[in-house]
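Generate a structure from the sequence data that follows.
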Amino acid sequence: MKLVIQKSGPASVEIDGKLCAAIDSGLVVLLGVTVADTEKDVDYLVDKLVNMRLFESGEKHFDQSVLDLGKPILLVSQFTLYAECRKGRRPDFANSAKADEAAPLYELFTKKLRALGVHVETGVFGAMMKVNLINEGPVTIILES
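Numbering: from 1, shown residues only. Sure, this is the predicted structure:
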């Protein structure tokens, strides 16, 4: 499982020109699921994500977490994070989990974040989405289980 985490100002997801989800400021997280991922991967990355200190406290940078500040997360499924591009010119997605395997893990990830008290907005799994964000910093972190 792979996360691309971006500290953001206003962020949103649109589907067919309609607003689907939005946050004022917090984290935009792209979540990719690979064929070998399990609930253990979800548990590991949920813990890392909510406790990672990406926000400032006064003059001190990277001192506060989502949990510390009550910041929301905009979570978006992204199967393309596991694209293999070494051969040819077209990405190969053989390492990406199929939708029927990935969707339950994505839902579990969302559920576990909410169980910790995190406000989570989501895109729609498998939909063609437009993700809009203002990356603050810029701060972009990649985590993998």
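
how about the residue of the chain most remote from its centre, secondary structure?
The C-alpha centroid of the chain is most remote from Gly88, which lies 28.3 Å away (Cα atoms, centre = their mean). Recorded secondary structure, Gly88: coil (DSSP: H, G, I helix; E, B strand; the rest coil).

show me what contacts it?
Residues in contact with Gly88, defined by Cβ atoms under 8 Å, 6 or more residues apart in numbering, are absent; none qualify. C-beta here means a position set from N, CA and C on the backbone, and glycine is covered the same way.

how about it, phi and psi?
In terms of degrees, to the nearest 10, the main-chain angles of Gly88 are phi 70, psi -160.

per-residue pLDDT, it?
Note on Gly88: pLDDT of 89.

If you count neighbours, what's buried in stretch 16-26?
Using 16 or more other Cβ atoms under 10 Å as the test for burial, stretch 16-26 gives 20-21, 23, 26.

Okay, and which of those residues map to strands?
20-21, 23, 26 (DSSP state E).

Please identify the one among these that lies nearest to Glu144.
Gly26 (21.4 Å; Cβ to Cβ).

So what pairs up with that closest one in the strands?
Beta-bridge partners of Gly26, counted by DSSP bridges, are Ser8.

How much space separates it from Pro104?
Distance of Gly26 to Pro104, computed by Cβ to Cβ, to the nearest Å: 25 Å.

What of Lys18?
In terms of Cβ to Cβ, Lys18 sits 26 Å off from Pro104.

Same check on Lys71?
26 Å.
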